[in-house]
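# Could you work out the structure for the sequence below:
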Amino acid sequence: QANTNKKTSIEAKVLDAQEFVTFYKLLLRRPEIEALFSKYAKTSLCTLTAGELCSFLQKEQKMQNCSIEHAFKYIDMYETTSAKLQERMTISGFTNLMTAEDFDILNTRENEVWMDMTQPLTHYYIHSSHNT
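Predicted coordinates:
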């Protein structure tokens, strides 16, 4: 899909720099995030306003205390295109927001070792089933 120029080099298809960027973006596509974005982008099909972002945060993320100021803060933090100047969020910024650690469903405390792990392995309780 990315090799639009159909260039070849010694019987192999190759990508130029622009096609490689296209290929990279295809790898990063998240259809589920795009569907959410489309659901809330009512004013413009390619950007979310702060109000639309706030509506998404309230309805989907259950952030009941969300305000327009929160939406502006998220736009400022996660939007990387010139849409930030218009206080809008593109699909790229929305993807950045949804994949950020702040919106991670996992407990980030579990990423760190917080227990005493200096004892021999036999000193720890190991839970396993009969199928292990």
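
# ok, now how distant is the closest residue to Q1 other than its chain neighbours from E19?
Once flanking residues are discounted, Q1 sits nearest to L26: 6.2 Å by C-beta to C-beta, 6 or more residues apart in numbering. Placement of C-beta: from N, CA and C, glycine included. Taking C-beta to C-beta, to the nearest Å as the measure, L26 falls 10 Å from E19.

# who's in contact with the residue positioned nearest the centre of the chain?
For the chain, the residue nearest the mean C-alpha position is T99 (2.7 Å; C-alpha atoms, centre = their mean). For T99, the contacting residues are 30, 33, by C-beta atoms under 8 Å, 6 or more residues apart in numbering.

# Please pull up the helix or strand immediately following the strand or helix carrying F37.
Per DSSP states H and E: F37 is located in helix 31-40. Counting by DSSP H and E, the next helix or strand C-terminal to helix 31-40 is strand 48-49.

# ok, then the element right after that next one?
Past strand 48-49, the next helix or strand by DSSP H and E is helix 50-59.

# got the CA positions of that next one in PDB?
What follows is helix 50-59, C-alpha atoms only, in PDB (Å, rounded to 0.1, in the frame of the first residue of the first chain):
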ATOM      1  CA  ALA A  50     -12.200  21.700  22.900                       C
ATOM      2  CA  GLY A  51     -15.900  21.200  23.500                       C
ATOM      3  CA  GLU A  52     -16.100  18.000  21.500                       C
ATOM      4  CA  LEU A  53     -13.000  16.700  23.300                       C
ATOM      5  CA  CYS A  54     -14.600  17.500  26.700                       C
ATOM      6  CA  SER A  55     -17.700  15.700  25.600                       C
ATOM      7  CA  PHE A  56     -15.700  12.600  24.800                       C
ATOM      8  CA  LEU A  57     -13.800  12.800  28.100                       C
ATOM      9  CA  GLN A  58     -17.100  13.000  30.000                       C
ATOM     10  CA  LYS A  59     -19.000  10.300  28.100                       C
END
